[in-house]
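**Student:** Here is my input; please provide its structure:
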Amino acid sequence: MSNTLSTDKQIAIIAALAEGSSIRGIERMTGVHRDTIMRLGVKIGKGCMNILNEKMVDLPCDDLQLDEIWGFVGKKNKHLKADDDETQLGDVWTFCAVDRQTKAVPCFKVGKRDTATTNAFVGDLASRLRGRAQLSTDGLKTYIDAIDKSFGTEVDYGMIVKSYGTVEESKSPAHRYSQPEVTDIKKYVVMGAPSVFHWLPVVRPARAE
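**Tutor:** The predicted structure is shown next:
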């Protein structure tokens, strides 16, 4: 890669990718073929993963929030056709753990919002922590078994479940994709004793099928 692209051009391409520019858009801006841009992205991504695996270990983080960021590959789920490969196309989620105090991200996992991805994500997180931690998640049911398997009794875990109002058709294009208003927030203790005030009594939400 270093024999074909200058360091400055590589930096410009990675910066554009980080800003969310499209592959073809970067191709037009830089004059670099899209295949080269994708190979560079993969190379830098593997390097970042190696740094993450080397540095983000034996962490003292003891209060983390787990969440998922939505995206899609090729097309959204609602646009999938009967002959589309759902393992390669459609909605994709980036599972992310964030330390509340430092805002550090110990690990992440990209995949479907399913049991396999959740188990892999939570297992990776557990392997990076030094001691007992407090975790909070949204209402995704696959977290319950995943956290139970990876942490056992050595965790204080609660769910924060938000309720949203109905989505109305926006009259303004600028607000078409705005998140609906939060109408209610409930916090449930699932395991251990999360040290947050006003948690509801211990409950065991229905497990995922």
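**Student:** Buried ones in the helix ranked longest in the chain, by neighbour count?
**Tutor:** For the chain, the longest helix by residue count, based on DSSP state H, is helix 34-55. Residues of helix 34-55 classed as buried: 36, 37, 40, 41, 44 (neighbour count, 16 or more other CB atoms under 10 Å). (Each C-beta comes from the backbone N, C-alpha and C, glycine too.)
**Student:** can you tell me which residues contact residue 92?
**Tutor:** By CB atoms under 8 Å, 6 or more residues apart in numbering, the contact set of residue 92 is 70, 71, 72, 73, 110, 111, 112.
**Student:** Try it again at 10 Å.
**Tutor:** Each residue near residue 92 by CB atoms under 10 Å, 6 or more residues apart in numbering is listed here: 68-74, 77, 110-113, 117.
**Student:** who's it bridged to?
**Tutor:** Beta bridges link residue 92 to residue 71 when assigned by DSSP bridges.
**Student:** Which residues are in contact with the nearest residue to residue 74 once chain neighbours are set aside?
**Tutor:** Distances taken as CB to CB, 6 or more residues apart in numbering place residue 89 nearest to residue 74, at 4.1 Å, with adjacent residues excluded. By CB under 10 Å, 6+ apart, the residues touching residue 89 are 72, 73, 74, 75, 76, 77, 79, 80, 81.
**Student:** Hmm, residue 63 is touching residue 156, no?
**Tutor:** Yes: the criterion here is CB atoms under 10 Å, and residue 63 meets it with residue 156 at 9.0 Å.
**Student:** So if I had to pick from those two, which one is more boxed in?
**Tutor:** Taking neighbours as other CB atoms under 10 Å, residue 63 and residue 156 compare with residue 156 leading, 20 against 17.
**Student:** ok, the strand or helix carrying that one: who's next to it in the sheet?
**Tutor:** Using DSSP states H and E, residue 156 sits in strand 155-164. Strands that pair with strand 155-164, judged by DSSP bridges, come out as strand 133-137 (parallel), strand 182-191 (antiparallel).
**Student:** Residue 190 reaches residue 140, doesn't it?
**Tutor:** No: with contact defined as CB under 10 Å, residue 190 does not reach residue 140; the gap is 11.8 Å.
**Student:** circling back to that earlier point, tabulate the strands paired with strand 155-164 (a markdown table), appending mean neighbour count, distance to residue 53 and mean pLDDT.
**Tutor:** Shown next, in a markdown table, are those (neighbours: other CB atoms under 10 Å; distance: least, CB to CB, whole Å; pLDDT from 0 to 100):
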| stretch | mean neighbour count | distance to residue 53 | mean pLDDT |
| --- | --- | --- | --- |
| strand 133-137 | 23 | 19 | 95 |
| strand 182-191 | 14 | 27 | 86 |
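**Student:** Minimum distance to residue 125: which of these has it?
**Tutor:** Between residue 125 and these, the shortest gap by CB to CB is with strand 133-137, which sits at 8.4 Å.
**Student:** Looking only at the helix or strand following that closest one, what residues are buried by neighbour count?
**Tutor:** Moving toward the C-terminus from strand 133-137, the next helix or strand (DSSP H and E) is helix 142-151. By neighbour count on 16+ other CB under 10 Å, the buried set for helix 142-151 is 142, 143, 144, 146, 147, 148, 150, 151.
**Student:** Can you name the residues that contact the fifth one?
**Tutor:** Put plainly, it is residue 147. Residue 147 makes contact with 66, 118-119, 122-123, 125-126, 135, 137, 155, 157, 190-191, according to CB under 10 Å, 6+ apart.
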